[in-house]
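Q: model this:
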Amino acid sequence: MMPTLAPGDRLVVVVPRRPDVRPAAGDLVVTADPRLRSRALVKRVGAIDATTVELVGDNAAASTDSRAFGRVPIASLQGRVVYRYAPAGRVGPLGRRRRPRPAGTIAGAWRSPG
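A: Okay, here's the model as predicted:
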């Protein structure tokens, strides 16, 4: 899958007003890089449980994500990316996107009867 973001993209990030607001799988979120806390990362939520999220990059072959640094606490998420306002040729909303299922999974190989 091609990356959603490119160097130089300018983003609008919504910061939740309530601490109980949770991201959903497919959301783009901002968090501090677990390896270097002074640096921010923008990654997609791949999976979520009660206290942690798995962050994935859209281009898995060239991404550093939860495969490298593990799951991150939900509390460490700083906001959800909702819009790209620059550069002019790439302006637009950045909504939730589902990652395609890998080839060979049962869900992708057989259709439900009925």
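Q: show me what contacts the most centrally placed residue in the chain?
A: The centre of the chain sits closest to residue 44, judged by C-alpha atoms, centre = their mean, with a distance of 0.9 Å. Contacts for residue 44 were tallied using C-beta atoms under 8 Å, 6 or more residues apart in numbering; they are 4, 26-29, 55-58, 97, 99. Where you see a C-beta, it was placed from the backbone N, CA and C, and this is true even at glycine.
Q: One more pass at 6 Å, please.
A: Shown in contact with residue 44 (C-beta atoms under 6 Å, 6 or more residues apart in numbering): 28, 56.
Q: For it, give its distance to residue 18.
A: From residue 44 over to residue 18 the distance is 22 Å, taken as C-beta to C-beta, to the nearest Å.
Q: Then residue 36?
A: When C-beta to C-beta is applied, the distance between residue 36 and residue 18 equals 29 Å.
Q: follow-up on the earlier one: the residue nearest to the centre of the chain: which element?
A: In the assignment (DSSP states H and E), residue 44 maps to strand 36-48.
Q: Just the buried positions in that strand, please.
A: Counting neighbours by 16 or more other C-beta atoms under 10 Å, one finds that the buried residues in strand 36-48 are 41-46, 48.
Q: could I get those residues as a markdown table with distance to residue 84 and pLDDT?
A: Written out in a markdown table, the entries for the buried residues of strand 36-48 read as follows (distance: C-beta to C-beta, whole Å; pLDDT from 0 to 100):
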| residue | distance to residue 84 | pLDDT |
| --- | --- | --- |
| 41 | 16 | 92 |
| 42 | 11 | 93 |
| 43 | 16 | 94 |
| 44 | 14 | 93 |
| 45 | 18 | 94 |
| 46 | 21 | 93 |
| 48 | 24 | 92 |
